[in-house]
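>>> quick one: sequence and predicted model below, then my questions.
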Amino acid sequence: MPILRGLRATFLLTKKEGITDEEFKNHYLNIHAPMSLELMKRHGVISYTHQYLSASSKAELSSALGGHTPQIPYDAVTTIGFPSLEAFKAFLADPENLGRLREDSKNYAQAGPGTVQIGWGEEWVVIHEGDVVGEA
């Protein structure tokens, strides 16, 4: 079974009050994400994904789940893959991250520390692109 090594940082974001789901997604995906690319390359980022949770998609999912499964109260889930803990720490301490990117986040996301989940070490791949690649 393939094993991926490194660190995955998952950030759970809530949109800034007063903006629509579409305004949130547009700013984060089309303005903020491109601003961060050079910083990410500099720190060896190996993956960067966004998943958006609009009010309509939350309602549809709630209906599909029969209304019995609580959903996370966030508007986006972002996962950034780093090759090592050291690369992640350097990314966090980079003046560009602490400066203009953090400042720009105020344009679309609620202020505050946010919620982060860190997966560090090994990640076992069981299915990739619909194909079983190892045995569970």
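Done, it's in.
>>> please name the bridge partners of the residue lying closest to residue 46 once chain neighbours are set aside.
By the measure of Cβ to Cβ, 6 or more residues apart in numbering, the closest residue to residue 46 outside its immediate chain neighbours is residue 81, 4.4 Å from it. C-beta: built from backbone N, CA, C; applies to glycine. With DSSP bridges as the criterion, residue 81 is bridged to residue 8, residue 47.
>>> I figured residue 81 hits residue 5, correct?
No: using Cβ atoms under 8 Å, residue 81 is not in contact with residue 5; the gap is 10.2 Å.
>>> more neighbours: which of those two?
Higher neighbour count among residue 81 and residue 5: residue 81, with 20 against 10, using other Cβ atoms under 10 Å.
>>> what's near enough to touch the more buried one?
Counting by Cβ atoms under 8 Å, 6 or more residues apart in numbering, residue 81 touches 6, 7, 8, 45, 46, 47, 48.
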